[in-house]
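Student: The sequence and its predicted three-dimensional model are supplied below.
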Amino acid sequence: MVAMEKDRVGEIETAVKHRKEEEPEAVRWPTREELTAARAYLAALHADVDRFMEETLREVEEDRKAGREQDPAEIDMDLWKKRKAKIIRDYPPPERLFPGVAAKYRKYLED
């Protein structure tokens, strides 16, 4: 009976050891600098989205008054992506909080 208990304890220790190996690293809280950079990026992005929407609505309204119908699918999304790339260049988001964002839009800066 003692041997069975030792085997069981060994199994439990092995299971705990494997579980610790599988667990991800503890989540690290963002630093003050990362939070400040993230806030600046998001504020600039939000402001530019508002400007882009106003410009787009103005263009749609002008087209409507001129008798032209603009299909929403025709809105130039590359223009938006270029604007977002400029925001990322001016207000770089922290890579840890926004993984891959800068790399995704880098190609639009090259145009």
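Tutor: Cool, got the structure.
Student: If you count residues, where's the longest helix of the chain?
Tutor: Of all segments of type helix in the chain, defined using DSSP state H, the longest is helix 32-65.
Student: So which elements touch that one?
Tutor: Applying 3 or more Cβ pairs under 8 Å, 6 or more residues apart in numbering; DSSP states H and E, we find helix 32-65 packed against helix 77-90. The C-beta positions use only the backbone N, C-alpha and C, and glycine is treated the same way.
Student: For this structure, give me the ranges with low pLDDT.
Tutor: 1-26, 70-75, 111 (pLDDT under 70).
Student: Please repeat the previous calculation with a cut-off of 50.
Tutor: Along the chain, segments meeting pLDDT under 50 span 1.
Student: So the residue nearest in space to the middle of it, which state does it fall into?
Tutor: The chain has Phe98 as the residue nearest its centroid, 4.1 Å off, counting by Cα atoms, centre = their mean. Under DSSP: H, G, I helix; E, B strand; the rest coil, the three-state class of Phe98 is coil.
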